[in-house]
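**Student:** No sequence on hand, only this structure:
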């Protein structure tokens, strides 16, 4: 419509007859009088004025343009229009910032293991600082589920939460209860990050928990066969100096021949001038990711340290190489280690090559002249914790194992016993050969499980408890309240357990 860009002043000129239908004809009336007359008519019937403006403008577009330039007061009106001021002020209606809030939780009795049927009381603290929370717009939801299959939800208007909330539950079944406190918006969606949530839990009879699957009858025979495959490939390595030759700790890129689809690759650090058979060795394993292993700037000054990646890719390549590599290790379009068809064949499973590389990494470190032949430490978190358990079970020379939030424990737990599941490969029977709960039975060295999250459902607490129960060696574990896989709340409750000479 022309009226969208014609000024109010122009409309009045058209209504007053100042513009004829002939584009070349001059205005016949005094412009000032004409303007006054048109202003009056426009006020009396603005809707009619708009229609006449449209009509006159169409009849004489040239004069319309000229008058718009001369008499357009509408722009001033637009500058003072209240609509824009209202739009700027709109955010003030809700100044609540979720990122300024925190939610923490704990168990009231400062314990996390309860008797069957005993009340578990969780204290949930919400802190919004000095913010005012709009009533009815947000709610604090407390969600309870567990290995017993029971679900429960309580909701509170966030604006009315002024004191800590006591949430009570219980279970009669051995296993874990999960409790989460989250903030939901008016669309009932979770909002906020880890600091704006509490995810924790408690257990009943956790020392009674057993693996859901039966250990394969030929478990040891299978691994003896894999060791023979590995021994058929000589321990041959390429070592490239990365650090300066006069550095106090020398850094090397290493590539070690291995059975299976790919070699062992990673970074080795050795204290400069270390004498033969003088220092301990540590091998570290990495979590699940498709990032490229970074080059360490240095390493410990009192021990050998080898950190390998889980895949055996070449080091020092460009982005295109790694993008292509991680695409190629998918199976049937599924991310690595998650394809149930691939995992159904115990020797074709992605974990098979990974385990061979773990064993070869230990063989290589033991071949280094600086190793003292006594102390061999293995460590890692998540997928690295899984590899740590393999290492300690499959190499009798390992003297200490430090797994953390160990991945893939009790893989059959959800399928066979409906235990709460984690983020991990779908269970198939061939994966039993890689489950750390069965490897745990074969570990002889001290095992220190440095963290087990009571709110971690990438690596569910039931699986961590079972892996701990299956250890027959000196052992200890630290359970952490409010700990998910990647987050630990500040001031979290910690519960330590130990057996034998565990420290």
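**Tutor:** Thanks, I have it. Worth saying up front: this structure is predicted, and the values here are computed from it rather than measured.

**Student:** How are the helices of this structure distributed by residue range?
**Tutor:** In the chain, the helices defined using DSSP state H lie at 8-15, 31-44, 46-59, 61-71, 74-79, 82-89, 219-231, 319-328, 340-343, 350-367, 383-394, 413-417, 436-439, 461-470.

**Student:** Least confident of the ones you listed, on average?
**Tutor:** Mean pLDDT is lowest for helix 8-15 out of those, coming in at a mean of 37.

**Student:** Touching, residue 498 and residue 475? I think so.
**Tutor:** Yes. Checked against CB atoms under 8 Å, the pair residue 498 and residue 475 is within contact range at 6.8 Å. Placement of C-beta: from N, CA and C, glycine included.

**Student:** who's more crowded, the two?
**Tutor:** Each of residue 498 and residue 475 has its neighbours counted (other CB atoms under 10 Å); residue 475 has more, 25 against 13.

**Student:** Kindly state the beta-bridge partners for the more buried one.
**Tutor:** Counting by DSSP bridges, residue 475 forms beta bridges with residue 447, residue 499.

**Student:** That one: what's it in contact with?
**Tutor:** 446, 447, 448, 449, 468, 498, 499, 500, 502 (CB atoms under 8 Å, 6 or more residues apart in numbering).

**Student:** ok, the fourth one - contacts?
**Tutor:** Going back to what we said before, that points to residue 449. 403, 404, 406, 464, 467, 468, 475, 476, 477, 478.

**Student:** confidence score at it?
**Tutor:** Per the predicted model, pLDDT is 98 at residue 449.

**Student:** Could you check how far it is from residue 306?
**Tutor:** Residue 449 sits 22 Å away from residue 306, going by CB to CB, to the nearest Å.

**Student:** do the same with the fifth one
**Tutor:** According to CB to CB, residue 468 and residue 306 sit 27 Å apart.

**Student:** Pretty sure residue 107 sits against residue 118.
**Tutor:** No. Counting by CB under 8 Å, residue 107 sits too far from residue 118 to count as a contact (11.4 Å).

**Student:** Which one's more surrounded, the two?
**Tutor:** Neighbour count, other CB under 10 Å: between residue 107 and residue 118, residue 107 has more, with 21 against 14.

**Student:** Mean pLDDT per helix and strand in this structure: which one sits at the bottom?
**Tutor:** helix 8-15 (a mean of 37; mean pLDDT, DSSP states H and E).

**Student:** Quick check: closest non-adjacent residue to residue 438.
**Tutor:** Nearest residue to residue 438, sequence neighbours excluded (CB to CB, 6 or more residues apart in numbering): residue 215, at 4.9 Å.

**Student:** OK, contacts around that neighbour?
**Tutor:** Here residue 215 is in contact with 432, 438, 441 (CB under 8 Å, 6+ apart).

**Student:** Can you select the buried ones among the residues you listed for me in ChimeraX?
**Tutor:** This is how ChimeraX selects the buried members of these, with burial counted by 16 or more other CB atoms under 10 Å:
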select :432,438
